[in-house]
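1. Structure of the sequence below:
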Amino acid sequence: MSKEATKKEPMSVVKKMMIALAGGLVVGIGFLLIRQQLTSSGNEAAWNVINKILFQDITVEDGVGAVGIFYIVGQIFMRGLQLAIVPLVLVSLSLAMCSISNSTKLGRIAGRTLAGFFSFYVCGAFLGCVVAYAVKTLGFFNVTLPSEAVTEASTIDAFNPLAVIVNAVPSNITEAFSTNNSILAVVVVAIIIGLCMNKLGDKASPLKKVLESANEVIQMYLTFLINKVGPVAIFCLISRTFAIYGVEYLAPAAAYVVSAMLTLFLLVVILYPTGIYLATKMNPFKFLKKIAKVGVFGFSTNSSAACLPLNTRTCIDELGCSEEVTSFVLPTGMTINMNGTTVMHMFAVTFIATSAGIDVTPANLIVMAFLSICAAAGTPAIPIAGTTMIFTVLSGMGWTTEACLIGYALVVAINRPVEMALLPLNVIGDAATNVIVNAKEKELNKEIYNS
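-> Numbering: from 1, shown residues only. Modelled structure (predicted):
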């Protein structure tokens, strides 16, 4: 038998990521139990040594003398991904707009994209409301709140979602490109460049060649980063997240965390496959199988922006979507499609209000859903944005009593697992909408999709 025939095929990146995820969960929970055992037996100093070697954030004051191996590996990977986000969006979307010669087609793609996102928003909010109300009715949200109120976590600057429209047009192009928090502005600039290149024709061919070469460089870099570094980084990120998590924060709101996470995962495997089948009549299980690694990646990194490169490659290479449509739909979805955030808001606000003694009615849930969709679609670029915007919904409902603020502070403290669980719903929703728009535009390669 020849060497070529006996040569073992390399493990796929999907299997590597799944192994890294499972290993990270086991190791992280193991260290969590070790931490609880050491601290409860008075050996907190031993845990501090382990924490400084493996998990400590070395950028804060407490981490001056720490090593933080897992933290360093995770942050290098995340920063490496973030490094490519602005150039990826700028280059790929500019080239896509340059190739769309028909302005009517561009308008049609934009309309279908927004309609797809809004439809999934409404369905997700409705199902989130139903499950949250059921859990509340069963009495699982009747908990005793801790007496301490974390006042810092209970405040947020006033924010009007309509400001997103103004901020989408940057006043300074270098300022827009200097941060990953202004992706919508980068999208607008990319569309302008692409349409102008389209109009100029051959005069813009030198710039087009530069952008095409840059696109090849970016793709090569991301392929290496995701395939080679990704699994190790995912293991470190997941392990660290669970290892440093405090059970003392999780226990009081376990019903909220468990019910929200289960609902988010169920929606991933029910809502989007159903939407794809109804809109395209394509096999939804093919979609789920191929897009699963993007969901795992989102759960691990807790960042929609970090998922954009992998999501783009998966949609084009494995789901048969066209590059020009994908380059428009996915960056747009990364900015405005926060379906998972809306579902989380339904659970979080219902839990906070119920624990504060407020009887949440179906009519309240409808108003909450509307406020949440507006808040999620216009979420400002701030840390843990989805969690922070819970306060916007609470304020809109007029639920800002001291008890509500204590409940909100508790949710902020324990919301990390839920934030991780909602990311797959967001990024897979982007991919599902992309497949639907491609199918409606007759741009979907069905052979690749069904392969």
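
2. What mean pLDDT does the longest helix anywhere in the chain get?
-> The residue-count maximum for a helix in the chain (DSSP state H) belongs to helix 103-137. Mean per-residue pLDDT for helix 103-137: 88.

3. Show me which positions of that helix end up buried.
-> 106, 109, 112-113, 116-118, 120-121, 123-125, 127-129, 131-133, 135-136 (16 or more other CB atoms under 10 Å). No exception for glycine: its C-beta is placed from N, CA and C like everyone else's.

4. What of stretch 239-246?
-> Quick answer for stretch 239-246 (16+ other CB under 10 Å): 239, 240, 241, 242, 243, 244, 245.

5. Then stretch 37-46?
-> residue 38.

6. mind saving the C-alpha coords of it as CSV?
-> The C-alpha coordinates for stretch 37-46 follow below in CSV (Å, rounded to 0.1, in the frame of the first residue of the first chain):
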residue,chain,number,x,y,z
GLN,A,37,-12.5,23.9,47.7
LEU,A,38,-9.3,26.0,48.4
THR,A,39,-11.2,29.2,49.4
SER,A,40,-13.7,27.3,51.6
SER,A,41,-10.9,25.5,53.4
GLY,A,42,-8.9,28.7,54.1
ASN,A,43,-6.2,28.0,51.4
GLU,A,44,-7.0,31.1,49.4
ALA,A,45,-3.3,31.9,49.1
ALA,A,46,-2.8,28.6,47.1
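
7. quick one: average pLDDT of that stretch?
-> For stretch 37-46, the per-residue pLDDT averages 87.

8. and residue 358, what helix or strand is that in?
-> In this structure, residue 358 sits in neither a helix nor a strand according to DSSP states H and E.

9. can you map out the helices along the stretch 51-200 of the chain?
-> 69-99, 103-137, 163-167, 173-177, 183-200 (DSSP state H, counting those that start in this stretch).

10. Can you report how many residues neighbour residue 285?
-> 12 (other CB atoms under 10 Å).

11. typo on my end, residue 261
-> Using other CB under 10 Å: residue 261 sits among 17 other residues.

12. Residue 437 now?
-> 26.

13. Show me where the stretch 51-200 of the chain dips below the pLDDT cut-off.
-> Along the stretch 51-200 of the chain, the model assigns pLDDT under 70 to residues 99-103, 143-164, 181.

14. hmm, back to that, now the buried residues of stretch 239-246 as TSV including distance to residue 21, secondary structure and pLDDT?
-> Output for these, formatted as TSV (distance: CB to CB, whole Å; DSSP: H, G, I helix; E, B strand; the rest coil; pLDDT from 0 to 100):
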residue	distance to residue 21	secondary structure	pLDDT
239	10	helix	85
240	13	helix	84
241	11	helix	76
242	12	helix	77
243	15	helix	81
244	18	coil	76
245	16	coil	65
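
15. tell me which of those is nearest to residue 341?
-> residue 241 (18.8 Å; CB to CB).

16. Might you report the residue contacts of that closest one?
-> If you count contacts by CB atoms under 8 Å, 6 or more residues apart in numbering, residue 241 has them with 28, 416, 420.

17. Next: residue 193.
-> Neighbours of residue 193 in contact, by CB under 8 Å, 6+ apart: 90, 94, 97.

18. Likewise for residue 20?
-> 230, 231, 232, 234, 235, 238, 300.

19. residues contacting residue 57?
-> Taking CB under 8 Å, 6+ apart as the test, what residue 57 contacts is 63, 68, 71.

20. between those residues, which is nearest residue 19?
-> When the contacts of residue 57 are compared against residue 19 (criterion: CB to CB), the nearest one is residue 71, at 21.4 Å.

21. Residue 87 versus the closest residue to that closest one other than its chain neighbours, what's the distance?
-> What sits nearest to residue 71 in space, not counting adjacent residues and going by CB to CB, 6 or more residues apart in numbering, is residue 57, at 5.6 Å. Going from residue 57 to residue 87 by CB to CB, to the nearest Å gives 28 Å.

22. what does residue 189 give?
-> According to CB to CB, residue 189 and residue 87 sit 12 Å apart.

23. Ok, residue 61 next?
-> 34 Å.

24. between those two, who's got more neighbours?
-> residue 87 (17 against 6).

25. Do you know the pLDDT at residue 375?
-> pLDDT at residue 375 comes out at 68.

26. Ok, residue 14 next?
-> 68.

27. now residue 257
-> The model's pLDDT for residue 257 equals 84.

28. rewinding a little: next, format the contacts of residue 57 as TSV and append distance to residue 316.
-> As requested, the contacts of residue 57 are exported to TSV (distance: CB to CB, whole Å):
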residue	distance to residue 316
63	40
68	36
71	33
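
29. Which of these sits closest to residue 44?
-> Nearest to residue 44 among the contacts of residue 57, with distances taken as CB to CB, is residue 63, at 17.1 Å.

30. residue contacts, the nearest residue to that closest one once chain neighbours are set aside?
-> Using CB to CB, 6+ apart and skipping residues adjacent in sequence, the residue nearest residue 63 is residue 56, 4.7 Å away. Applying CB under 8 Å, 6+ apart, we find residue 56 in contact with 62, 63, 66, 67, 68, 71.

31. Give me the buried entries from those residues.
-> 63, 66, 68, 71.

32. Now residue 372: closest residue in space that isn't a chain neighbour?
-> Residue 372's closest residue in space is residue 345 (CB to CB, 6+ apart), at 4.0 Å.

33. same check, this time on residue 410
-> That would be residue 253: by CB to CB, 6+ apart, it lies 5.8 Å from residue 410.

34. how close does the residue nearest to residue 71 sit to residue 111?
-> Taken as CB to CB, the span from residue 57 to residue 111 is 44 Å.

35. again, but for residue 166
-> 22 Å.

36. Where does pLDDT dip in the stretch 301-450 of the chain?
-> 375-388, 413.

37. Could you give the backbone dihedrals for the residue nearest to residue 63?
-> Dihedral pair for residue 56: phi -60, psi 140, per degrees, to the nearest 10.

38. same thing with the one 3 residues further on?
-> Backbone dihedrals for residue 59, given as degrees, to the nearest 10, come out at phi -90, psi -10.

39. ok, back up a step: specify which member of the contacts of residue 193 is nearest to residue 427.
-> Distances from residue 427 to these, taken by CB to CB, are shortest for residue 90, at 20.0 Å.

40. Apart from its neighbours in sequence, what residue is nearest that closest one?
-> Nearest one to residue 90, counting by CB to CB, 6+ apart, is residue 190 at 4.9 Å.

41. Tell me which stretches of the protein form strands.
-> According to DSSP state E, the chain carries no segments that qualify as strands.

42. Output the contacts of residue 193 in JSON lines, with distance to residue 407 and neighbour count appended to each entry.
-> Formatted as JSON lines, those follow (distance: CB to CB, whole Å; neighbours: other CB atoms under 10 Å):
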{"residue": "90", "distance to residue 407": "42", "neighbour count": "24"}
{"residue": "94", "distance to residue 407": "46", "neighbour count": "26"}
{"residue": "97", "distance to residue 407": "46", "neighbour count": "21"}
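
43. Nearest to residue 309 among these?
-> Using CB to CB, the contacts of residue 193 come closest to residue 309 at residue 90, 13.3 Å.
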